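Engineer: Mind looking at a prediction? Sequence and model below.
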Amino acid sequence: MDLDLTEEQEMLRGTVRRMCESLFDPQTVRRLEHEDDKFDRAFWDELGAGGICALRIDPDHGGAGMGALDLALVFEEFGRALASSPFLSSCVLSASLLSRIGSESAKREWLPGMARGEVVAIPAWQENDLIGDAPATAIDPVRGVVNGEKLLVPFASVADIFLVHGAGPDGDAWALVPADAPGISIVAQSNHASQPLFAVRFDDVRIGAAAIFAATEVPDPGSEAFGDVLIAVAAEAVGAADRLLALTVDYANQRKQFGRPIANFQAVSHPLADCATELEGIRYLAYQAAWAKDGNMPWRHLAQMAKLQAATLLRRLATVSVQIHGGIGYSIDGDPQLFYRRAKHHELMYGTADDLKARISDHIFA
Amino acid sequence: MNFAFSDEEMGFLKDFQDHLAQERQRSDAAVIFAPHRETDSWLVDGPERRAFMKRLAQAGYIGMSWARDYGGRERPGIYDYLLNEELSSQGAPIIGKGVGCIGKTIIAHGSDRLKREFLPQILAADIEFALGYSEPGAGSDLASLRLRAERKGENWVLNGQKMWTTSAHFADWYWVAARTDAEAPKHKGISVFLVPMDHPGLTVTEVKTMGDHRTNQVFFDNVDVPGDYLVGEENAGWRYVCEALDYERFALYTVGPLLLKFQSLVELLKLARRGGAPLAADPVIRARVAELACETETATMLQRRVIARAIKGDVPTVEAAMYKLYSTRLGRSIANYALDCLGPLGLLRSGAPHAPFDGRWEMSDRATVVDTIGGGSSEIQKNIVARRGLGLLVGA
């Protein structure tokens, strides 16, 4: 029993924290919300140059082959700074998908560039699940053609390739689609947390049969490829909660009403104590999931619990923080609203609460 | 980072589990292993349980972390924890305050005479203690306690009242905090005494609780205590009371009973059927159980933080407050939800015909109430987290 980080892990955390602090200050967060691409090139280049993008890519394909726990530490720092980048899409989910489903030549072609941050590979798998159940995107492995529309595709406007999920004649398939292929159109989707989300249309996009793979991995939080995503997103929510808690504590100590700091009122301090308690438990829930994955122990159930708990806590803390900040919390000039909107994004993306609860209970009653 | 126990620790635990498996073969095992007694299952409150503890002592399990000079084995505190985790998981009495805060306070601050008299008896599991801190007017504000201790020649004379002394009706000795200097600031006028529980000046009366747990109030009527039975220094008692967390940092914070409670809920939902299907098939119930599973795992993490901090030799004040706050609330939630799932039949008490699971959950819902009140209420824990964990400028 030892819950400390190793020296190397402390160094990794310190490195990423310094990158975030120097390149991703609150002004950057706010500026990006109003840009079209919502992409900070300088930060991304630094992640690539610093070897961070290579973290979870295997050494045979230009990666660093580091652990899920290292990944969790990196995302905790991203969360703390609200630093956004294509890391989750490209270096985590696409890398994981491609490693599992891709041909050796596809891996050799793309993974080294992804590990350097020079290639942005974006998975495109979500559709409008409120109107249909089967993916409407059609992948024709014989002609090598993709047709359909994907929604909520992160960082699509800066993508170099897409990993598109769709229906082939013999079941689901994934297609590697270069972003500059003719027939692709990309439209920004305005959204709750002002995140870089896009609708991507594929009209008779020709890619060739070699770029199409049978879908042994489905895009859902029960799959192997999503394991790292659950851990990363949980850790990101933990980091965001950590930062939000600290700034709310500062505010409660400084803000005076009725002649004393509002922290004096237990109606203010006790909800924060509750959130702090949950946060510390959930932080280690995420670490434990990563530790289990690194040690080849059963991890899926733990990762699902970590993502559910972390996103739920971030949302609750954001609600408390906005309330404690009062009018400033509602104002666009205050920081709490940045966290409040991102908290909902965290809850709904990569496994909703209902979805995760169903999986968790399946495991319990199995 | 490593969330697992070492091979050596696991081997020790395995040996201890074997010992308990033998114990479970005995004819009196049902009295000794009784998780349905909830918080009371920790007490050494009957002859069978006393004999059980003596057998533990004979097998060398009492005083693991004490220094060899005092008859201990000088094992790291984690071994005390592993013992109590296993004992409490099985609903057996735990190695309690004698080996813990009382024995360790005597070792740290007591006179040679107190050490000679008490330490061997504690190690042999010959004596049980009752803890006298709370009073009618001193609950969360414990340092305002008013039980008077006045010097009279070589003796002290104690007058006043204690409240919520759980073990008073079966213990042998009373470890009691009293005010020895009424003029000093409230934290600086308290001393700790050892009083034989059968002292004629003590009157123990039962306080019934809705959880079927017996607790007591104890009246002191000119209770004379020889000067030798003042523990440590006069007026240093508050320090000793506060140090107790340091001494109990491993042994008090077990998670086993909570895991057992959650597992029992899962079993209930698999076994109980309504409308021809097990309750576990209901998607609404499954979703709620998933939440409780997450919270149980989160509680386990908070408990691991206490242990990990303690292993490093630190006093896990904030970690312990967080764990107590979170786990006690969760225990109540699980009991409450079990009743919700059982529906109206869940109201039936143990012994009533048709009572599901012999009223176990009906009892649990009443008995877990004390968990968020005793041993520092949830509000006190939140104050500790707010002030010492977060640095919030809280009032009290």
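Structural biologist: Sure, I can see it. Keep in mind the model is a prediction, meaning the values are calculated, not measured.
Engineer: going forward, measure contacts and count neighbours with C-alpha atoms only.
Structural biologist: OK.
Engineer: Could you list the buried residues of stretch B:212-224?
Structural biologist: B:213-220, B:222-224 (16 or more other CA atoms under 10 Å in any protein chain shown).
Engineer: try stretch A:37-51
Structural biologist: A:37-40, A:43-44, A:46-48.
Engineer: Can you give me the domain assignment for chain A?
Structural biologist: Using automatic domain parsing, the domain parsing of chain A gives A:7-116, A:121-214, A:227-365.
Engineer: chain center to the shortest one: distance?
Structural biologist: Taking CA atoms, centre = their mean, to the nearest Å, one finds the center of domain A:121-214 at 19 Å from the center of the full chain.
Engineer: Stretch A:331-347 now?
Structural biologist: That offset, for stretch A:331-347, works out to 16 Å (CA atoms, centre = their mean).
Engineer: could you give the mean pLDDT of whichever strand or helix holds residue B:115?
Structural biologist: Taking DSSP states H and E as the definition, residue B:115 sits inside helix B:112-123. The average pLDDT for helix B:112-123 rounds to 97.
Engineer: what does stretch B:382-396 give?
Structural biologist: Regarding stretch B:382-396, the rounded mean pLDDT is 91.
Engineer: what does that stretch contact?
Structural biologist: With contacts defined as CA atoms under 8 Å, 6 or more residues apart in numbering or on different chains, stretch B:382-396 is touched by A:246, A:249, A:252-253, A:261, A:263-266, A:269-270, A:272-274, A:276-277, B:318, B:321-322, B:325.
Engineer: Would you format the buried residues of stretch A:37-51 as CSV with secondary structure included?
Structural biologist: Putting these into CSV (DSSP: H, G, I helix; E, B strand; the rest coil) gives the following:
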residue, secondary structure
A:37, coil
A:38, coil
A:39, coil
A:40, coil
A:43, helix
A:44, helix
A:46, helix
A:47, helix
A:48, helix
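Engineer: Name the nearest of those residues relative to residue B:119.
Structural biologist: residue A:47 (60.9 Å; CA to CA).
Engineer: Leaving aside the residues adjacent along the chain, what's closest to the closest one?
Structural biologist: residue A:53 (5.9 Å; CA to CA, 6 or more residues apart in numbering or on different chains).
Engineer: From residue A:298, how far off is the one you found?
Structural biologist: Relative to residue A:298, residue A:53 is positioned 26 Å away (CA to CA, to the nearest Å).
Engineer: Which one's more surrounded, those two?
Structural biologist: With neighbours defined as other CA atoms under 10 Å in any protein chain shown, residue A:53 and residue A:298 compare such that residue A:53 has more, 27 against 11.
Engineer: isn't there a strand covering the more buried one?
Structural biologist: No. Assignment of residue A:53 by three-state DSSP gives coil, placing it outside any strand.
Engineer: Report the contact partners of it.
Structural biologist: A:47, A:87, A:91, A:114-117.
Engineer: and the gap between it and chain B?
Structural biologist: 23 Å (CA to the nearest CA, to the nearest Å).
Engineer: Ok, residue A:17 next?
Structural biologist: For residue A:17, the distance to chain B equals 20 Å [CA to the nearest CA].
Engineer: Can I get the helix or strand harbouring that residue in PDB? Just the C-alpha atoms.
Structural biologist: For residue A:17, the host element (DSSP H and E) is helix A:7-23. Listed next in PDB are the C-alpha coordinates belonging to helix A:7-23 (Å, rounded to 0.1, in the frame of the first residue of the first chain):
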ATOM      1  CA  GLU A   7      10.000  10.500  -9.000                       C
ATOM      2  CA  GLU A   8       9.500  10.000 -12.800                       C
ATOM      3  CA  GLN A   9       5.800  10.500 -12.400                       C
ATOM      4  CA  GLU A  10       6.300  13.700 -10.300                       C
ATOM      5  CA  MET A  11       8.600  15.000 -13.100                       C
ATOM      6  CA  LEU A  12       6.100  14.200 -15.800                       C
ATOM      7  CA  ARG A  13       3.400  16.000 -13.800                       C
ATOM      8  CA  GLY A  14       5.700  19.000 -13.200                       C
ATOM      9  CA  THR A  15       6.600  19.100 -16.900                       C
ATOM     10  CA  VAL A  16       3.000  19.100 -18.100                       C
ATOM     11  CA  ARG A  17       2.000  21.600 -15.400                       C
ATOM     12  CA  ARG A  18       4.600  24.000 -16.500                       C
ATOM     13  CA  MET A  19       3.500  23.600 -20.200                       C
ATOM     14  CA  CYS A  20      -0.100  24.300 -19.200                       C
ATOM     15  CA  GLU A  21       0.800  27.300 -17.000                       C
ATOM     16  CA  SER A  22       3.000  29.000 -19.600                       C
ATOM     17  CA  LEU A  23       0.900  28.300 -22.700                       C
END
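Engineer: so which strand or helix has the spatially most central residue of chain B?
Structural biologist: Using CA atoms, centre = their mean, the residue of chain B that lies closest to the mean C-alpha position is residue B:252, 6.1 Å off. Using DSSP H and E, residue B:252 sits within no helix or strand.
Engineer: who touches it in this structure?
Structural biologist: Contacts of residue B:252 by CA under 8 Å, 6+ apart are B:81, B:84.
Engineer: Whatever residue of the stretch 101-250 of chain B ends up closest to chain A sits in which helix or strand?
Structural biologist: Chain A sits closest to residue B:250 of the stretch 101-250 of chain B, with a gap of 12.8 Å, by CA to the nearest CA. Under the criterion DSSP H and E, no helix or strand holds residue B:250.
Engineer: list the contacts for it?
Structural biologist: Going by CA under 8 Å, 6+ apart, residue B:250 touches B:77-78, B:80-81, B:306-307, B:310.
Engineer: Residue B:109 reaches residue B:230, doesn't it?
Structural biologist: No. The criterion here is CA atoms under 8 Å, and residue B:109 misses it with residue B:230 at 10.6 Å.
Engineer: which one of those two has more residues nearby?
Structural biologist: Neighbour comparison, residue B:109 and residue B:230: the larger count goes to residue B:230, with 24 against 16 (by other CA under 10 Å).
Engineer: What sits closest to the more buried one if chain neighbours are left out?
Structural biologist: residue B:193 (4.5 Å).
Engineer: Is that neighbour bridged to anything, and to what?
Structural biologist: Residue B:193 forms beta bridges with residue B:176, residue B:230, as assigned by DSSP bridges.
Engineer: so who does residue 72 touch?
Structural biologist: You didn't pick a chain, so chain A it is. Residue A:72 makes contact with A:231-232, A:234-236, A:286-287, A:290, according to CA under 8 Å, 6+ apart.
Engineer: Wait, chain B was what I had in mind.
Structural biologist: Going by CA under 8 Å, 6+ apart, residue B:72 touches B:62-66, B:123.
Engineer: which non-adjacent residue is nearest it?
Structural biologist: For residue B:72, ignoring the flanking residues on the chain, the nearest one in space by CA to CA, 6+ apart is residue B:66 at 4.2 Å.
Engineer: contacting residues for that neighbour?
Structural biologist: Shown in contact with residue B:66 (CA under 8 Å, 6+ apart): B:72-75, B:104.
Engineer: among those, which are in strands?
Structural biologist: Judged by DSSP state E, those include no members of strands.
Engineer: Of those residues - the most surrounded one?
Structural biologist: residue B:104 (24 neighbours).
Engineer: Which helix or strand lies directly C-terminal to the helix or strand containing residue A:76?
Structural biologist: Residue A:76 is part of helix A:68-81 when elements are defined by DSSP H and E. Where DSSP H and E defines the elements, the next helix or strand beyond helix A:68-81 is helix A:95-101.
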